[in-house]
Each structure stands twice: as structure tokens, then as C-alpha cells.
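K.L.:
here you go, sequence then predicted model.
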Amino acid sequence: MTMSAEMKFQPHPLLMDHVVENILLSMDSDLLGHYCKIFRLVCKDWTRIATRVYKAKRGRIVFKRNFIGKVSGLFIRVMKTSSNIPFQNFKFCSDSYDDEYFTELLHVCGGSISVLDLNIVNPCNLKFPKEFPDLVLGRLRKLIFHVRLDCFEVVQTEMASLLETLFRISPKLEILDLKVLRGVSRTVRNTQMSLTALTKFGEVLSTQLPDGVRDLKLHITINDSQLRELNKRRLNLRRLDVYFQQSELSTEALQEFFEKCGPRLINCKVLGNQFITQKVQFPVFPCLEYLSALGRAPKYLEYAKLFPSLQRLEICLWDSFDDIFPPNCYSTTLQHIIFPYQVGSPAIFQRMGNCFPNLRKLTQVVVTSSEALVSIFKSLKTLQMLDICFGYDFQTSVSLDTLFTGISDCSVLVKYSEEQVQAEIGRYNVDSIRNLKELRYLSIMAAPLTMPSTARITDISVYYGLLQMKNLSIVKLDYFPISIPCLEVLRKRVNLQRPV
């Protein structure tokens with residue numbers, strides 16, 4: 001074969017680039033960093049490909065205690081010589097700040113940072129106030145800024161200056177996660193200084209929040225005047241997650257805050273009873289699809305009127321929920337309820353079925369009584385996804401097999417031929433899991449402290465219950481006393497998953 005013929009059959013360089021890229025894309029994340037280093041040593045084209053893949057799949061660097069001092073200086077020198085920095089997500093842990101290199105590192109890498117995660121604990125090695133007059137983080141889209149004020153030390157009251165500076169130099173900021181926590185002070189002086197620091201964080205938030213922020217997560221103490229000042233800004237939020245810890249806020253300020261955020265909000269998560277009270281008159285949230293109320297169930301809200309687009313509702317209660325889901329909660333759009341609480345009253349699921357006739361998903365529910373379990377089968381027949389766990393104090397006078405199958409005397413069921421199964425099922429017309437004819441996903445877990453004799457299902461529930469559900473495709477089962485042959489039969493019918 002001549003040289004020209006050999007060259008004729010060589011792969012095109014672009015094809016090799018495509019192969020290299022797909023090898024890296026299919027690689028396990030734990031190995032990606034190691035092999036990207038190797039591929040970057042081959043040639044400039046492979047360096048470009050490996051860098052692009054690494055940034056897309058990981059692109060994250062975490063600065064910890066061992067990254068200060070000379071190590072930080074060495075990292076900066078390497079990044080200065082790199083034409084394409086392979087990192088875009090920078091996380092600084094609370095023990096990783098070196099004031100000598102922090103400013104220089106941001107200047108060197110600032111052009112590639114799209115996510116900046118700062119965890120700061122007072123006292124911090126950074127010196128405040130912190131200003132970067134000639135720095136612009138032009139690609140920064142997400143800022144995570146978590147501060148814990150350790151009041152056993154002298155509080156640096158100017159820590160909020162760093163947040164103010166980051167607001168100023170981040171023209172494209174869209175996501176903000178701000179959390180400021182205050183510890184218990186040992187001295188009156190430290191208490192006063194921590195309150196001063198908290199006040200300054202509130203002032204920066206209310207007066208300097210960039211107009212481009214669309215996703216806002218706040219866990220901060222704020223006063224009434226600061227909230228009113230925040231309401232004056234051009235808020236155009238899509239997602240809101242807020243907990244105004246230890247804040248004394250007026251009903252009027254909260255009312256104005258919701259009216260300002262409501263028109264375009266899609267996701268809303270509020271913590272604390274201060275939001276869910278009879279006094280606050282909620283405006284209409286025309287676009288809201290997800291509402292999470294942690295603290296007190298918004299039982300008096302007219303969902304259909306206030307949330308005409310609501311699809312997901314998450315409720316985690318801190319007090320009684322005996323009167324949850326009254327008739328005024330009726331909604332035809334709601335399809336998914338996340339209810340991570342222990343439920344023993346069947347009336348809750350009855351009211352849930354009456355209020356939400358198109359409910360498709362019920363997840364994270366802890367069932368503590370047989371009556372509550374049967375109520376799910378009876379009242380929520382439209383479910384396509386059910387995720388339940390048996391509480392450690394699950395109370396039942398009959399076996400779980402009886403509850404799942406609707407067959408009162410399961411002890412006589414020793415054969416599992418299709419003929420016998422259908423014959424026994426035909427003799428009973430009571431509520432069972434077979435009521436959920438549209439169910440596609442089922443997860444049944446037992447609480448870690450549950451004794452085997454308290455909550456268990458056996459082969460009977462599988463043969464007379466799960467295998468009779470035509471639409472069921474995914475089943476996640478805890479390690480109940482179910483025989484291996486029975487599990488194999490079930491595995492042939494559905495995608496069977498077990499807890500890790």
C-alpha cells in the first residue's frame with residue numbers, strides 16, 4: 001500500500017476530536033478529573049476538548065483548609081498561564097480564606113466564575129471592609145453567601161461590605177442564596193455588635209439587590225423598614241424561598257411584599273407562622289405552580305382563586321392539622337402533594353380526595369394507622385404515584401396483607417396460581433390497593449425502628465395486590481419478609497428497586 005493510500009484511510013482529525021469528547025462525556029465523574037489532566041497533555045485541540053467537557057460535567061473547585069498559603073499562590077500562578085480556566089464553580093469553605101491571595105484569586109479567575117459559593121464564619125481571616133474597585137464578575141449567575149456570626153468572638157461588623165461589593169460587580173446575577181445566622185452571645189458587647197452586623201446585611205439586601213435576580217432564597221433577620229425598602233426595588237422574581245428568622249414584621253409590610261412578588265412567581269417556599277396567618281390577605285399568584293408552606297398549613301386559603309395554576313403543594317406542619325384541607329381549599333389543577341408528616345387520621349385523606357379531584361402524586365407520607373392506609377385506597381383513586389412509609393408506632397388490628405389485598409383471612413392463602421388468585425379476589429369487594437387502577441409508581445418503606453411483627457407485607461400482598469395492578473411499572477420495596485421466588489416474579493413484571 002502506498003503512502004497516499006495509507007493517508008486516505010486515516011481518520012479525519014475532527015472525527016478523532018468527536019471520539020475523544022464522547023469518551024470523556026461517558027466517563028464516571030470520579031475519574032473525569034484524572035483523565036482530563038492526561039488528555040490535556042496531548043495537544044492543544046485535546047486540551048480545548050478536555051477543558052470544555054470538564055467545565056460542563058464538573059467544573060467545580062472547592063477551597064478548603066489545605067488550600068491556603070503557598071498552595072493558593074501556586075494555584076493562582078497556574079491559572080494565570082491557562083488560556084482556558086477549567087473551573088466555573090468556585091466554593092470557599094469557612095476555613096479556606098487567605099486574605100493575602102483571596103483578592104488576587106478573584107481577579108485571575110473572575111472572568112470564568114459563573115457560580116460563587118462563600119461560607120464565612122466570624123472570625124474570618126478576611127479583612128473588612130472588602131472592596132474590589134477594578135473587578136467585574138461578568139459571568140457570575142449564582143451567588144451563595146452564607147454567614148455564621150460566632151458571637152464568642154469579636155464580631156466584624158463590616159462583613160456585609162463583601163456582599164455589597166459582590167452585588168456591585170455582578171451585572172448578570174440571577175440567583176441569590178443569602179443566609180445569615182447569629183449565635184448566642186456571651187457578652188452584651190458581642191450581642192450589640194452582632195445585631196449591628198445583621199442590620200447592615202439587611203440594609204445591603206434591601207438597597208443593593210440587583211434588579212436581574214430571578215431566584216431569591218433568604219434566611220435572614222430583617223426589620224420592617226428594610227422590608228419596605230426592599231419592596232421599592234424592581235422585583236421580578238420567579239422563585240422565592242424565604243425565612244425571616246426572628247423578624248418582627250408588620251402585616252402591612254408582608255402584604256406589600258407578597259403583592260410585589262406575586263404576579264410572576266412560579267415557585268414559592270415560606271417558613272414560619274408569620275406568613276400563614278389570618279391577617280395577611282394573599283394576592284392572586286396567577287403563575288404559581290409550586291407552594292411550600294412550612295410552619296402552619298395555609299388551611300384558610302382559597303386555592304382555586306389565589307393559585308389558579310398551582311400544581312405542587314408541600315406542607316410540613318409544626319402544630320395540629322386536624323382541620324387541614326377544608327372545602328375552600330378545592331383545586332382542580334393541583335396534582336402533587338408532598339406531605340412529610342405522620343398521619344393516623346383517615347379524615348385527612350378523605351378531605352384531600354374531596355379537595356383535589358385530579359391529584360396524581362402523594363409523596364413522603366408516614367402512615368401510622370390501618371384506617372389511614374385504607375383511606376388512601378378508598379379516597380385517592382386517581383393517584384399515579386404513591387410514596388408511603390409506615391411509622392414506628394404503626395397501629396393495626398389486622399395484618400398488612402389484609403389491608404393491601406382486602407382479603408380478611410389471609411392465612412388460608414397458601415397457593416398462588418392465577419386461578420386461585422382471581423377466585424379469591426372475586427369473593428371480596430372491599431377497599432384495597434387494587435383500587436388505585438392508575439398507579440404507576442409505588443414506594444413502600446418501613447421506619448427503621450419498626451419491629452418485623454408490627455409492619456410487614458409478604459408474598460400475599462404481592463400476588464393478590466401488586467401483580468393485579470396493570471399500570472404499575474415501578475415498585476420500590478423495603479426489605480419485608482417476601483420470598484426470593486416471589487420477588488423474581490415481581491421483577492419480571494415491574495422495575496423493582498430496593499433501598500440502598
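P.N.:
Looks like it arrived, so ask away. Only a predicted model underlies this, so the values are computations on that prediction, with no experimental measurement involved.
K.L.:
quick one: contacts for Leu310?
P.N.:
The contact partners of Leu310, taken as CB atoms under 8 Å, 6 or more residues apart in numbering, are Phe285, Leu288, Glu289, Tyr290, Leu291, Tyr303, Ser331, Thr333, Leu334. Where C-beta positions appear, they are placed from N, C-alpha and C, glycine not excepted.
K.L.:
am I right that it sits in a strand?
P.N.:
No. Checked against DSSP: H, G, I helix; E, B strand; the rest coil, Leu310 lies outside a strand; its state is coil.
K.L.:
roughly how far does Leu386 sit from Ile324?
P.N.:
Separation of Leu386 from Ile324 (CB to CB, to the nearest Å): 19 Å.
K.L.:
what of Gln192?
P.N.:
Using CB to CB, Gln192 is found at 42 Å from Ile324.
K.L.:
and these two? Which one has more around it.
P.N.:
Ile324 (22 against 13; other CB atoms under 10 Å).
K.L.:
for that one, helix, strand, or coil?
P.N.:
With three-state DSSP as the criterion, Ile324 reads coil.
K.L.:
surely it and Ala347 touch.
P.N.:
No. In this structure Ile324 lies outside contact range of Ala347 using CB atoms under 8 Å: 9.6 Å.
K.L.:
filter the contacts of Leu310 down to the buried ones, ChimeraX style.
P.N.:
ChimeraX command restricting these to the buried ones, with burial defined by 16 or more other CB atoms under 10 Å:
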select :285,288,289,290,291,303,331,334
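K.L.:
tabulate the contacts of Leu310 (CSV), appending secondary structure.
P.N.:
As requested, the contacts of Leu310 are arranged in CSV below (three-state DSSP):
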residue, secondary structure
Phe285, coil
Leu288, coil
Glu289, coil
Tyr290, strand
Leu291, strand
Tyr303, helix
Ser331, coil
Thr333, coil
Leu334, coil
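K.L.:
any idea which of the contacts of Leu310 is closest to Ser82?
P.N.:
Ser82 has its nearest neighbour among the contacts of Leu310 in Tyr290, at 40.5 Å by CB to CB.
K.L.:
which ones are touching Ser369?
P.N.:
Counting by CB under 8 Å, 6+ apart, Ser369 has contacts Gly344, Ser345, Pro346, Phe394, Gln395, Thr396.
K.L.:
if I look at Thr332, how far off is Phe356?
P.N.:
Taken as CB to CB, the span from Thr332 to Phe356 is 8 Å.
K.L.:
who has more neighbours, the two?
P.N.:
A count of neighbours by other CB under 10 Å puts Phe356 above the other of Thr332 and Phe356, at 25 against 12.
K.L.:
look up the closest residue to that one, ignoring the ones flanking it.
P.N.:
Leu334 (4.7 Å; CB to CB, 6 or more residues apart in numbering).
K.L.:
was I right to think that neighbour contacts Ser309?
P.N.:
No. Here Leu334 does not reach Ser309: they are 10.0 Å apart, not a contact under CB under 8 Å.
K.L.:
before we move on, back to that, make a markdown table out of the contacts of Leu310 and add pLDDT and distance to Gln208.
P.N.:
Below are those laid out as a markdown table (pLDDT from 0 to 100; distance: CB to CB, whole Å):
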| residue | pLDDT | distance to Gln208 |
| --- | --- | --- |
| Phe285 | 89 | 27 |
| Leu288 | 91 | 27 |
| Glu289 | 93 | 30 |
| Tyr290 | 92 | 28 |
| Leu291 | 87 | 29 |
| Tyr303 | 85 | 36 |
| Ser331 | 92 | 38 |
| Thr333 | 95 | 37 |
| Leu334 | 94 | 37 |
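K.L.:
and the lengthiest strand in the chain, what's buried?
P.N.:
Across the chain, the longest stretch assigned as strand under DSSP state E is strand 385-395. Within strand 385-395, the residues scored as buried using 16+ other CB under 10 Å are Met385, Leu386, Asp387, Ile388, Cys389, Phe390, Gly391, Tyr392, Phe394.
K.L.:
give the pairing partners of that strand; include direction for each.
P.N.:
Strands that pair with strand 385-395, judged by DSSP bridges, come out as strand 361-369 (parallel), strand 441-446 (parallel).
K.L.:
distance between that strand and the chain's centre?
P.N.:
22 Å (CA atoms, centre = their mean, to the nearest Å).
K.L.:
outside of that strand, which residues touch it?
P.N.:
336, 342, 344, 360-370, 373, 376, 380, 436, 439-450, 454-455.
K.L.:
can you give me the pLDDT of Leu237?
P.N.:
pLDDT for Leu237: 90.
K.L.:
does it touch Leu265 like I think?
P.N.:
Yes. With contact defined as CB under 8 Å, Leu237 and Leu265 form a contacting pair (5.8 Å).
K.L.:
which one of the two is surrounded by more residues?
P.N.:
A count of neighbours by other CB under 10 Å puts Leu265 above the other of Leu237 and Leu265, at 22 against 18.
K.L.:
distance of that one from Asn328?
P.N.:
21 Å.
K.L.:
burial of Gly344, as a residue count?
P.N.:
When neighbours are defined as other CB under 10 Å, Gly344 has 17 of them.
K.L.:
for it, list the residues it contacts.
P.N.:
Val367, Thr368, Ser369, Glu371, Ala372, Gly391, Gln395.
K.L.:
likewise Lys127?
P.N.:
Per CB under 8 Å, 6+ apart, neighbours of Lys127: Asp99.
K.L.:
my read is it is in a strand, agree?
P.N.:
No. Counting by three-state DSSP, one finds Lys127 to be coil, located in no strand.
K.L.:
surely Val136 touches Gly110?
P.N.:
Yes. Val136 is within contact range of Gly110, at 7.0 Å (criterion: CB under 8 Å).
K.L.:
out of these two, which sits in the busier spot?
P.N.:
Under the criterion of other CB under 10 Å, the comparison of Val136 against Gly110 puts Gly110 first, with 20 against 15.
K.L.:
so for the closest residue to that one other than its chain neighbours, what's the pLDDT?
P.N.:
Nearest residue to Gly110, sequence neighbours excluded (CB to CB, 6+ apart): Leu137, at 5.1 Å. As predicted, Leu137 sits at a pLDDT of 92.
K.L.:
give me the below-cutoff pLDDT ranges for the stretch 401-500 of the chain.
P.N.:
409-429, 448-454 (pLDDT under 70).
K.L.:
for it, just list every one of the helices.
P.N.:
Taking DSSP state H, counting those that start in this stretch, the helices of the stretch 401-500 of the chain run over residues 418-427, 459-464, 484-493.
K.L.:
so for the longest strand of the chain, what's the average pLDDT?
P.N.:
For strand 385-395, mean pLDDT rounds to 83.
K.L.:
stretch 211-231 now?
P.N.:
90.
K.L.:
buried set for it?
P.N.:
Neighbour-count burial for stretch 211-231 flags 213-223, 226-231 (criterion: 16+ other CB under 10 Å).
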